[in-house]
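Visitor: A predicted structure for the sequence below; I have some questions about it.
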Amino acid sequence: MKIPRLTTKDLLSITDLSRDEILQLFRLAARLKADLKMGRNHDLLKKKSLAMIFEKSSTRTRVSFETGVTQLGGHALFLSGNDIQIGRGETIQDTAKVLSRYVDCIMIRTFAQQTVVDLAENSRIPVINGLTDLFHPCQALADFFTVYERGDDLGSIKFTYIGDGNNVANSLIQCAAILGMRMTVLGPSEFKPPSDIVNEAMRLAGESGAEIVISSDIDKDLAGTDYLYTDVWISMGQENDPTVQQKKALLSPYKITMPLLQKCGNGCQVMHCLPAHRGEEIDDSVLDSERSIVYEQAENRMHIQKAIMCALMR
Ligand code: CP
Ligand code: NVA
């Protein structure tokens with residue numbers, strides 16, 4: 001089994017990885033997935049321990065990481081932010097130094113990206129970002145692995161993200177830029193991805209040959225889409241913002257409905273990282289249709305994360 005040798009200690013954002021490293025992770029994930037389906041498991045993480053810190057809710061991330069590490073012969077510890085001493089004010093630096101003496105890897109889901117950076121800087125062991133307000137790298141890798149394993153040429157398909165320019169969008173943009181893909185982001189100008197993320201993606205696109213388009217014009221820029229992706233309009237931690245209703249009103253033209261999907265290319269596939277707010281950013285009739293590959297994406301979280309953990313803990 002060829003385990004990628006990564007130059008990074010941690011996975012804090014997609015920009016920690018090169019194009020070649022991402023493709024190596026895809027190949028390993030595909031092999032692990034195929035072997036699992038044949039009933040073959042590999043003890044690649046035998047006796048390794050993964051600490052999983054969650055300061056926000058999770059279904060997929062928690063279960064896919066825990067199951068993934070267990071399948072590889074290791075063990076996961078679920079640490080709710082409220083139950084460990086972080087919740088009572090222990091610093092992230094002290095947490096990093098102590099956990100480094102017990103476990104082999106830390107996965108964290110939290111609010112500020114800086115928390116993940118501080119955790120990694122103070123840890124002797126790899127740190128994996130399991131979602132922050134800014135990024136969701138494991139999700140973007142699972143998503144493009146889903147496209148890759150369908151046999152599509154990543155350089156020629158048109159991938160469109162529609163809706164809120166959020167953490168998931170940011171990681172998808174970075175990944176598309178590094179992989180040399182054609183990606184369009186469609187949404188109201190008020191909720192575009194942050195300009196520093198877009199500028200950096202444009203710079204990476206200059207190196208890879210990617211084409212990144214940021215637009216508000218559905219009629220002009222949806223045509224020819226092969227994969228249409230959306231995420232919730234109100235992310236975790238934003239529920240009590242006073243502008244929630246205004247945000248939803250501005251995003252409403254960007255909801256994925258059957259008529260909107262018909263403006264895309266023939267056979268366009270629909271993607272969503274889940275959980276979905278059914279009836280808000282996407283209609284049930286689309287999410288439950290044969291065009292939807294959302295459960296493949298969710299499954300692939302586990303396969304790609306197994307590959308990521310093997311590479312970081314090799
Ligand atoms: N997509 C995703 O990260 O799902 P969870 O919030 O359930 O982990
Ligand atoms: N943008 C969403 C993704 C959830 C997986 C959030 O941050 O809540």
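Guide: Cool, got the structure. Residues are numbered from 1 along each chain as shown. Ligands and ions are numbered 1, 2, ... in the order given.
Visitor: so Val286 is in contact with Met258, correct?
Guide: Yes - checked against Cβ atoms under 8 Å, the pair Val286 and Met258 is within contact range at 6.1 Å. In short, each C-beta sits where N, CA and C put it, glycine included.
Visitor: what parts of the stretch 51-200 of the chain come near ligand 2?
Guide: Leu131, Asn166, Asn167, Val168 (Cβ under 6 Å from any ligand atom).
Visitor: would you point out the most distant pair within those?
Guide: Leu131 and Asn166 (10.5 Å; Cβ to Cβ).
Visitor: those two: which is more packed in?
Guide: In this view Leu131 and Asn166 are compared by other Cβ atoms under 10 Å, and Leu131 has more residues nearby, 27 against 24.
Visitor: now that one: closest residue in space, sequence neighbours ignored.
Guide: Arg109 (4.7 Å; Cβ to Cβ, 6 or more residues apart in numbering).
Visitor: of Val286 and Met258, who's got more company?
Guide: Val286 (22 against 11).
Visitor: tell me who's in contact with the more buried one.
Guide: Neighbour list for Val286: Ile256, Thr257, Met258, Leu261, Val270, Ser292 [criterion: Cβ atoms under 8 Å, 6 or more residues apart in numbering].
Visitor: redo that, cut-off 10 Å
Guide: Each residue near Val286 by Cβ atoms under 10 Å, 6 or more residues apart in numbering is listed here: 228, 230, 255-258, 260-261, 270, 272, 276, 278, 292, 294.
Visitor: so the residue nearest to Leu131 touches Ile53, yeah?
Guide: Yes - if you go by Cβ atoms under 10 Å, Arg109 and Ile53 touch, sitting 7.1 Å apart.
Visitor: joint contacts of the two?
Guide: Gly81, Val116, Gly130.
Visitor: now those as TSV including neighbour count, distance to Lys37 and pLDDT?
Guide: Output for the shared contacts of Arg109 and Ile53, formatted as TSV (neighbours: other Cβ atoms under 10 Å; distance: Cβ to Cβ, whole Å; pLDDT from 0 to 100):
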residue	neighbour count	distance to Lys37	pLDDT
Gly81	16	35	96
Val116	28	33	98
Gly130	27	25	99
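Visitor: so what sits against both of Leu131 and Asn166?
Guide: With Cβ under 10 Å, 6+ apart, Leu131 and Asn166 have common neighbours Ser235, Cys273.
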